[in-house]
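Participant: pasting the sequence and the predicted coordinates here, then a few questions.
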Amino acid sequence: MVDEPGQPPALTTLSLAEKAHEKQPVNQVVTPFDVSGGVDEHGKLLPVDYDKLVREFGATPITPTLLERFEKVTGHRPHRFMRRGIVFSHRDLTAILDRYEKGQPFYLYTGRGPSSDSMHVGHTVPFEFTKWLQDVFDVPLVIMMTDDEKYMHSAKVEVEDAKRYTKANVKDIIAVGFDMKKTFIFSDFDFIGGAFYENICRMAKRITINQVRGTFGFNDSNNIGEFHFCATQSATAFATSFPQIFGTDRKKVSSIPCLIPCAIDQDPYFRQCRDNAEKMKYKKPSLIHSVFLPALQGPGSKMSASVDVSAIFMSDAPSRIKNKINKYAFSGGQETAELHRELGGNSKVDVPFQYLTFFLEDDAELESIRKSYESGELMTGEMKQRCIAELQTYVQGFQERRAKVTDEIVAEFMRPRSLEWKGNPNPVVAETTKK
Ligand code: TRP
């Protein structure tokens with residue numbers, strides 16, 4: 001994702017600020033390397049318009065009907081991210097539900113571009129969701145650490161830095177709670193070779209420079225590593241890249257697809273992957289997309305690993321969390337207590353409320369907080385208090401698990417090996433195969 005240490009999430013924000021000054025409207029841009037909602041005609045930074053994005057990308061919104069099917073097929077109530085539109089669109093999720101229903105194999109694939117020594121709460125969102133999917137489906141999961149991508153894309157990151165970030169971030173990822181028996185985490189620098197590299201080359205041969213320019217907005221100044229990396233991220237979506245997990249029967253393994261939970265900015269990679277998959281005689285990956293957690297500064301800004309006060313970091317102490325929310329969290333409350341009581345707060349732009357939407361499990365409680373805030377009963381300070389408590393609990397639980405992640409545990413997660421999983425315990429057997 002778009003955040004690098006020591007570099008302001010820079011060019012976009014700077015050039016946007018300039019444009020804002022010139023008062024020229026600017027369209028939103030969302031690629032893996034650039035996320036911004038654009039600028040309106042009054043020079044105001046805009047939040048990302050996700051509905052527009054879904055239309056432009058040609059993805060499919062997640063509807064209540066799809067959620068009902070999810071619940072029916074898996075026997076699990078959809079995750080709060082799904083219920084609340086945080087996980088909001090998909091590609092071919094139904095194909096995965098069909099397979100699960102019949103007990104046919106598939107796997108989960110997600111990843112992270114390691115870019116700092118500690119992840120922030122925004123980074124953990126797709127991983128929290130992935131862990132839940134792993135628990136629900138009971139299938140193998142591969143987590144790709146794109147240290148090569150981060151190296152190639154950033155002037156300041158050396159190979160050694162990227163490797164160090166990988167180690168630290170893998171500990172953070174493990175602390176989310178993944179099941180070691182079902183999870184393989186790898187670093188591109190370490191794992192590329194063998195069957196995986198063969199797939200990278202199969203993919204690379206089918207991608208032209210023109211396509212990459214169009215899909216990612218690259219130009220002649222991008223280095224050739226950036227162009228090539230597109231094939232690397234795609235090749236992880238094919239089960240034949242992992243003979244250790246799925247075996248070496250190419251014909252059988254070629255038919256195993258994956259489901260990729262990711263933030264929407266990663267979609268361009270997988271659009272390209274899906275365009276080529278069938279030509280390579282592989283299954284197209286399915287995708288399930290999440291929105292971004294807003295930065296403390298509110299709509300139109302974004303969390304950055306390099307700007308400490310833009311985000312709550314998973315390494316922040318309880319007092320730091322309290323201080324950041326109280327001092328920096330953008331409020332949808334009114335100027336004075338009197339006005340607030342009279343007019344009520346705006347929960348749509350209120351950052352503490354947005355964070356509660358991500359992290360507070362209880363739907364009824366969330367709804368009652370929203371109502372009393374909007375009616376002016378719940379004050380800004382009280383909203384902040386509630387958010388601080390929730391985030392402190394979340395981060396503390398994380399830190400306790402993180403403290404137990406030893407180098408040996410990391411090494412085991414990252415060792416190429418076979419995994420153990422069961423899939424659907426009660427598959428619906430197709431009529432034709434029933435005796
Ligand atoms: N490119 C992603 C990033 O910079 C990392 C990544 C690789 C990824 N494969 C993925 C993210 C699959 C989500 C799903 O963070």
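Facilitator: Okay, I see it.
Participant: alpha carbons only for contacts and neighbour counts from here, please
Facilitator: Will do.
Participant: let me see the mean pLDDT of the helix or strand T124 falls within.
Facilitator: Element membership for T124, per DSSP states H and E: helix 121-137. Mean per-residue pLDDT for helix 121-137: 96.
Participant: tell me which residues of it come out buried.
Facilitator: Going by neighbour count (16 or more other Cα atoms under 10 Å), the buried part of helix 121-137 is 121-134, 136-137.
Participant: that one: what's the following helix or strand?
Facilitator: Trace forward from helix 121-137 with DSSP H and E and the next one is strand 141-145.
Participant: that next one near the ligand at all?
Facilitator: Yes - judged by Cα under 6 Å from any ligand atom, strand 141-145 comes into contact with the ligand through M144.
Participant: which residues touch that strand?
Facilitator: 107-114, 134, 166, 182-188, 236 (Cα atoms under 8 Å, 6 or more residues apart in numbering).
Participant: repeat that for 7 Å
Facilitator: Here strand 141-145 makes contact (Cα atoms under 7 Å, 6 or more residues apart in numbering) with 107-114, 166, 182-188.
Participant: give me the neighbour count for the closest residue to Y151 other than its chain neighbours.
Facilitator: Distance criterion Cα to Cα, 6 or more residues apart in numbering; nearest residue to Y151, sequence neighbours excluded, is V157 at 5.5 Å. Counted with other Cα atoms under 10 Å, the neighbours of V157 add up to 20.
Participant: just to revisit the earlier point, nearest to the ligand, of the buried residues of helix 121-137?
Facilitator: Set against the ligand, the nearest of these by Cα to the nearest ligand atom is P126 (7.8 Å).
Participant: secondary structure class of the residue nearest to the closest one when sequence neighbours are not counted, three-state.
Facilitator: Nearest non-adjacent residue to P126, counting by Cα to Cα, 6+ apart: C262, 5.9 Å away. Recorded secondary structure, C262: strand (DSSP: H, G, I helix; E, B strand; the rest coil).
Participant: quick one: C262 and I143, what's the gap?
Facilitator: C262 sits at a distance of 11 Å from I143 (criterion: Cα to Cα, to the nearest Å).
Participant: mind listing the shared neighbours of those two?
Facilitator: Contact criterion Cα under 7 Å, 6+ apart; residues shared by C262 and I143: T110.
Participant: tell me the contacts of F270?
Facilitator: By Cα under 7 Å, 6+ apart, F270 lies in contact with S234.
Participant: that one: which element?
Facilitator: helix 267-277.
Participant: dump the longest helix anywhere in the chain to CSV, restricted to CA.
Facilitator: When the chain is parsed with DSSP state H, its longest helix is helix 380-403. Written as CSV, here are the backbone C-alpha positions of helix 380-403 (Å, rounded to 0.1, in the frame of the first residue of the first chain):
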residue,chain,number,x,y,z
THR,A,380,-17.9,14.7,21.3
GLY,A,381,-15.8,14.0,24.4
GLU,A,382,-17.9,11.0,25.3
MET,A,383,-17.7,9.6,21.7
LYS,A,384,-13.9,10.0,21.9
GLN,A,385,-13.9,8.2,25.3
ARG,A,386,-15.8,5.2,23.9
CYS,A,387,-13.4,5.0,20.9
ILE,A,388,-10.3,5.3,23.1
ALA,A,389,-11.5,2.4,25.2
GLU,A,390,-12.3,0.2,22.3
LEU,A,391,-9.0,0.8,20.5
GLN,A,392,-7.0,0.4,23.8
THR,A,393,-8.6,-3.0,24.3
TYR,A,394,-7.9,-4.0,20.6
VAL,A,395,-4.3,-2.8,20.6
GLN,A,396,-3.6,-4.3,24.0
GLY,A,397,-4.9,-7.7,23.0
PHE,A,398,-2.7,-7.5,19.9
GLN,A,399,0.4,-6.5,21.9
GLU,A,400,-0.1,-9.4,24.3
ARG,A,401,-0.1,-11.8,21.4
ARG,A,402,2.7,-10.0,19.6
ALA,A,403,4.9,-10.4,22.7
